[in-house]
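**Student:** I'll drop the sequence and a predicted model, then ask my questions.
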Protein chains: 2
Amino acid sequence: MPEYILAKHLSKHLNEEVILKGWVYNIRKSGKIWFLVFRDGTEFVQCVVLMNEVSGEVFELKTTLTQESSVMIRGIVQEAPRQENGIEILVKDIEVIHIAEEYPIALKEHGVDFLLDNRHLWLRSRQPYAIMKVRAEVEQACRDFFNERDFTLVDSPMFTPNAAEGSTTLFETQYFDRKAYLTQSGQLYSEAAIMALNRTYCFGPCFRAEKSKTRRHLTEFWMVEPEMAFFDIHDDMALAEEFVEYLVQRALKNCRRELEILERDISKLEAVKRPFPRITYDDAIAVLKRKGFDIAWGDDLGAPHEPAVSEDYDRPVMIWRWPAASKAFYMKRDPEDERYVMGVDVIAPEGHGEIIGGSQREEDIKVLLERIDREQLPVDDFQWFLDIRRYGSVPHSGFGLGLERTVGWICGTHHIRECIPWPRTMARLKP
Amino acid sequence: MPEYILAKHLSKHLNEEVILKGWVYNIRKSGKIWFLVFRDGTEFVQCVVLMNEVSGEVFELKTTLTQESSVMIRGIVQEAPRQENGIEILVKDIEVIHIAEEYPIALKEHGVDFLLDNRHLWLRSRQPYAIMKVRAEVEQACRDFFNERDFTLVDSPMFTPNAAEGSTTLFETQYFDRKAYLTQSGQLYSEAAIMALNRTYCFGPCFRAEKSKTRRHLTEFWMVEPEMAFFDIHDDMALAEEFVEYLVQRALKNCRRELEILERDISKLEAVKRPFPRITYDDAIAVLKRKGFDIAWGDDLGAPHEPAVSEDYDRPVMIWRWPAASKAFYMKRDPEDERYVMGVDVIAPEGHGEIIGGSQREEDIKVLLERIDREQLPVDDFQWFLDIRRYGSVPHSGFGLGLERTVGWICGTHHIRECIPWPRTMARLKP
């Protein structure tokens, strides 16, 4: 019995007879020969069935095998320069495992709602498959990047005890006899963790009950959040820049095949090299005014502004030094001008918008208490967070990178719901 | 200016002058010399302050530096065979960053409730610190194991649309105008994903609203769940066994220092080598009866039974072939005797209990529909799951490993709440 192998390893078995197990992606017939495009979830490969190479019974499978039927194929691995992956299988035998009922997703165009309703099947198609492979590679790249740089993974909690920042976008859960809230960010917990472990990251699901229907919002998304003791805003920006370059270059290196399937313009990704341009918020406002936007100092930058700023660059642009009033209470004030905080947003090119938000954190308990008071936040809920500044406070910084937005940019995907296996939006909770 | 380095890298800088940044863990005074146990979250190191090596001001810091004050230390790295890590620092200068208020956690015994209330500070202590390091290593080991074996990470959703299995242990959330439920397992989603990607794993938080107060329960825990197309129960057990051996041996290799801090008996972990004993459920019942337990065929095995079975072995024991009635509807029936299903539990030694539950999955839609009907489950909610059996059904298997239970076993921790950074139990939702 020949060896059962995964299709991704076929090139190591040239001219050998092997067993493959997987599914029928497509069939093309042509007289004494037919072609079965086979997929096993690790690669797509063309299998050639010749009348004089197989039994009559196997040859006749061309009429009974339906799309997505599962099969075991025995055949010889051959070079085939005209095939995408340079390989085809000369079939010796096919054993049917299961004949699929009529498959709802044909190899033609469907509406996106239909495809999302059938997400459990749609994942088998080439493009979703390729995006999932890129996503998995980017996730591991995130971990490798931080692991190689002396960071310790510290998972933040999903259940949080109070709606401390008073947000209306929190999901609320009955937690025995209390209420709990689903996390929007692990940052506050990471700020405590770095006092124990110096450099940490958390990487898990985050939740936002935003009633937003844009192509850039999910109610459930994944975020990686590094936090670093003894880093100021400049160290923070340098790390963010190195990180983004690393993710893109690693996808380019390890996901060529997937980016081809997605017809991604590789040259746009190849340009993503340090240094990234760094402009202040004030610079960005000046640019936007020059481009005709009706915007005033102090306004936050939204969806229309980000592409207008980033279109001048072939790589991500870092916008830093923001008005304090537009940013969260924990950001460190600029010691030279307290109207500003040491925050930074990283905007991806090609209109993909913000992928990173970060800042140096305020380490002075007096300044922090002032801001909590001014913003009328419930100070008791923050006592544990304030403890970080009571017992050996140190300068520190961090940022968060949205996984789906980053994968969407790398894959050139219009809507980020395609960049998570099981998208959840205001309108969608199934399957 | 000497280089700023992390303490974990000190051994690469022997006899060099370096800068360290971190916290005062402890101070011991002795006339013309004092000792500062320094930590920076990457290592603990003894710093020696000699009267004739530093300024008078720095020498007098012995009276003002409090526990957990943050400092920058300049000094020379010296060999010190009597120190745990073989190194000490001859201090040249100390710059104070922040003098800590009186620290609530002294280097003495505290009650566990007090420590958990101060989890954000307790993480700085040696034992919690060491457990967090082991946890991070085990998490990366999980990922490396599956990445190296052709698995693709496919994150399962946290929000699920219905309480399909009718469980009373689901957390419910208001999801705009509907209800959503927090996931208990990614398995059903992974079963769909492997039809697209062959071998997948998910690794994320899971939630159980169990009113249980045992030392083995958390409401929020992490689980890694591999799922494999074309694997039967024997392939599944072989993979589980290889996986557990890998995790333990990797912790032994990379976490020696942490296991020393935890005073873990290393020899117990060194014994965890394949093959693991495999016994059937029937064997386990026979053993329990022989040991005097009042148990009948068909009963589930609980907390008292697991240690009674596992105490006969120096490594994990795999209990397989369970009564169908005691296990979930999706497990594959034994074709030779339909009173049994092809499920497996892996029980850790030393009384640490179940760490893995897995099974071959039922791939025959008729059998699955029968079980859904018999258990009066809402069949409409499972239509997408049944689709997996309609379109190219294949034999497949998988399992789930509980991260905190595994880390608890490796670290020799009594209560698994110490094995997650921010434990959530029925009684605890803070900090």
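**Tutor:** Arrived safely, thanks for sending. As the structure is a prediction and not an experimental result, all values here were calculated from the model.
**Student:** Now do the strands in the stretch 251-400 of chain A.
**Tutor:** A:278-280, A:317-323, A:333-334, A:337-348, A:353-361, A:396-402 (DSSP state E, counting those that start in this stretch).
**Student:** Give the other helices and strands that the lengthiest strand in chain A contacts.
**Tutor:** Secondary structure of chain A per DSSP state E: the longest strand is strand A:17-30. Here strand A:17-30 touches strand A:3-4, strand A:33-39, strand A:70-79, strand A:87-98, going by 3 or more C-beta pairs under 8 Å, 6 or more residues apart in numbering or on different chains; DSSP states H and E. To be clear about C-beta, it is placed using only N, CA and C from the backbone, and glycine gets the same treatment.
**Student:** let's go with 7 Å and repeat that
**Tutor:** For strand A:17-30, the contact count by 3 or more C-beta pairs under 7 Å, 6 or more residues apart in numbering or on different chains; DSSP states H and E identifies strand A:3-4, strand A:33-39, strand A:70-79 as packing neighbours.
**Student:** buried set for the longest one?
**Tutor:** Neighbour-count burial for strand A:70-79, with 16 or more other C-beta atoms under 10 Å in any protein chain shown as criterion, is recorded at A:70-77.
**Student:** Those residues: which ones sit near chain B?
**Tutor:** residue A:70 (C-beta under 7 Å from any C-beta of the partner chain).
**Student:** quick one: contacts for residue A:176?
**Tutor:** Contact analysis of residue A:176 by C-beta atoms under 7 Å, 6 or more residues apart in numbering or on different chains lists residue B:426.
**Student:** any idea which of the buried residues of strand A:70-79 is closest to residue A:392?
**Tutor:** Of all the buried residues of strand A:70-79, residue A:70 has the smallest distance to residue A:392: 59.8 Å, by C-beta to C-beta.
**Student:** pretty sure that closest one is touching residue B:394, no?
**Tutor:** Yes. Counting by C-beta atoms under 7 Å, residue A:70 does reach residue B:394; the two are 4.7 Å apart.
**Student:** Common neighbours of those two, please.
**Tutor:** A:97-98.
**Student:** out of the strands of the stretch 251-400 of chain A, which comes closest to chain B?
**Tutor:** Across these, chain B has its closest neighbour in strand A:396-402 (10.4 Å, C-beta to the nearest C-beta).
**Student:** list the helices and strands that closest one packs on?
**Tutor:** Using 3+ C-beta pairs under 7 Å, 6+ apart, strand A:396-402 sits against helix A:187-197, strand A:220-229, helix A:233-254, strand A:353-361.
**Student:** Can you lay out these as CSV showing mean neighbour count, distance to chain B and mean pLDDT?
**Tutor:** Formatted as CSV, the helices and strands packed on strand A:396-402 follow (neighbours: other C-beta atoms under 10 Å in any protein chain shown; distance: least, C-beta to the nearest C-beta, whole Å; pLDDT from 0 to 100):
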stretch, mean neighbour count, distance to chain B, mean pLDDT
helix A:187-197, 25, 4, 98
strand A:220-229, 24, 5, 98
helix A:233-254, 19, 11, 98
strand A:353-361, 24, 14, 97
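**Student:** Which among the ones you listed is found nearest to residue A:152?
**Tutor:** Comparison of the helices and strands packed on strand A:396-402 against residue A:152 by C-beta to C-beta identifies helix A:187-197 as nearest, at 4.5 Å.
**Student:** now the angle between strand A:396-402 and that closest one, please.
**Tutor:** With axes from the mean of the first three to the mean of the last three C-alpha atoms, to 10 degrees defining the directions, helix A:187-197 sits at 130 degrees from strand A:396-402.
**Student:** And the next helix or strand past helix A:187-197?
**Tutor:** Taking DSSP states H and E as the definition, the helix or strand that follows helix A:187-197 towards the C-terminus is strand A:199-207.
**Student:** now check that following strand, is it near chain B?
**Tutor:** Yes. Among the residues of strand A:199-207, A:204-205 lie within reach of chain B under C-beta under 7 Å from any C-beta.
**Student:** How about stretch A:108-127?
**Tutor:** Yes. Judged by C-beta under 7 Å from any C-beta, stretch A:108-127 comes into contact with chain B at A:120-121, A:123-124.
**Student:** where do the helices sit along the stretch 301-431 of chain A?
**Tutor:** For the stretch 301-431 of chain A, applying DSSP state H, counting those that start in this stretch gives helices covering A:305-310, A:365-374, A:383-390, A:403-411.
**Student:** which one of the ones you listed has the most crowded surroundings?
**Tutor:** Among those, ranked by average contacts under mean count of other C-beta atoms under 10 Å in any protein chain shown, first place goes to helix A:403-411 (a mean of 26).
**Student:** nearest residue to residue A:26 other than its sequence neighbours?
**Tutor:** residue A:37 (4.1 Å; C-beta to C-beta, 6 or more residues apart in numbering or on different chains).
**Student:** do the same with residue A:20
**Tutor:** Nearest to residue A:20 is residue A:73, by C-beta to C-beta, 6+ apart, at 4.6 Å.
**Student:** Quick check: beta-bridge partners of that neighbour?
**Tutor:** Taking DSSP bridges as the rule, residue A:73 bridges to residue A:20, residue A:94.
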